[in-house]
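Undergrad: Build me a structure from this.
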Amino acid sequence: MNHIQGSLIYEGKAKRIFACENPDLVLIEFKNDATAFNAKKRSEIEGKGSLNCKISASLFKLLESNGIPTHFLELHSETFMIADKINVIPLEVVIRNIATGSLCRETPINQGTILNPPLLDLYYKDDELGDPILTEGRLKLLNIVDNIQMDEIEMMTRSVNNILKEYFDSLDLLLVDFKLEFGTNSSGTIVVADEISPDNCRFWDKKNSDPKQRILDKDRFRQDLGGVLDAYEEILKRIEKGPS
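TA: Numbers count the residues shown, from 1 in each chain. Predicted coordinates:
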């Protein structure tokens, strides 16, 4: 299927979204930009966009095969995917299986604590506000979603977590935590959107006990550990190789 790239609709920190000749579809370009701490730290890593595009495509296909609706339709090129045009729900939904990052900075919970059941956190998607965490009261006050939609989003997030945890476990990877974004398509269905990649997931190598070397995600960039591209390539390699 050929699609003509139209005008730029939106540009974020890691992706550009372009119109298609079909008004119900968009072309999503994955950039090589690396950002952290709400874009206060920036760099460009050649090849990162292609890796994230391929990883996301594979994981969206996995979710679709397990009954989870997504915006993904097909790969267009090394760095572009074709997706349904959606109305973005301004929520970032983070699910945590193992305590690390901001959870350990903001609470007395120790790094590496297994969270059972997994903790689900909601953030208001707004770069200018720094994507603040939402309480149940604030969520109702902002009227972002109704109770039925929120229940559906939480149910989908926990289902995605179960699917991905089992899948990555078969690849000798621990899915520490990840962020999902959602939107509604032209039929009003809530779908998983954005991307699923080492940019918004934390992966630890089960075969490596070193707390720094086991990291195979954007924390390598956040923490100046080096080897960012190597880590992303390792994730794609394991996905393409399949379960061990």
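
Undergrad: Show me the shaky parts of the chain.
TA: Residues of the chain meeting the criterion pLDDT under 70: 1-4.

Undergrad: those helices in it, which residues are they?
TA: 48-65, 102-106, 136-142, 147-170, 219-222, 228-241 (DSSP state H).

Undergrad: The third one - contacts with which helices or strands?
TA: When contacts are defined as 3 or more C-beta pairs under 8 Å, 6 or more residues apart in numbering; DSSP states H and E, helix 136-142 sits against strand 114-124. All C-beta spots, glycine's among them, are computed from the backbone N, C-alpha and C.

Undergrad: Now the strand it packs on - C-alpha only, PDB.
TA: This file holds the C-alpha atoms of strand 114-124, laid out as PDB (Å, rounded to 0.1, in the frame of the first residue of the first chain):
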ATOM      1  CA  ILE A 114       8.500  -6.400  43.200                       C
ATOM      2  CA  LEU A 115       5.100  -4.700  43.100                       C
ATOM      3  CA  ASN A 116       2.300  -7.200  43.400                       C
ATOM      4  CA  PRO A 117      -0.200  -6.200  42.100                       C
ATOM      5  CA  PRO A 118       1.600  -3.900  39.600                       C
ATOM      6  CA  LEU A 119       1.100  -0.200  40.400                       C
ATOM      7  CA  LEU A 120      -0.800   1.900  37.900                       C
ATOM      8  CA  ASP A 121      -0.100   5.700  37.900                       C
ATOM      9  CA  LEU A 122      -1.800   8.300  35.800                       C
ATOM     10  CA  TYR A 123      -0.200  11.500  34.500                       C
ATOM     11  CA  TYR A 124      -1.700  14.500  32.700                       C
END
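
Undergrad: Would you mark the buried spots in that strand?
TA: Burial within strand 114-124, assessed by neighbour count using 16 or more other C-beta atoms under 10 Å, is assigned to Leu115, Pro118, Leu120, Leu122, Tyr123, Tyr124.

Undergrad: Kindly reformat those residues as TSV containing distance to Asp84.
TA: Formatted as TSV, those follow (distance: C-beta to C-beta, whole Å):
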residue	distance to Asp84
Leu115	32
Pro118	28
Leu120	25
Leu122	23
Tyr123	23
Tyr124	24
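
Undergrad: closest one to Val88 among the helices of the chain?
TA: Closest approach to Val88 among those (C-beta to C-beta): helix 147-170, 12.8 Å.
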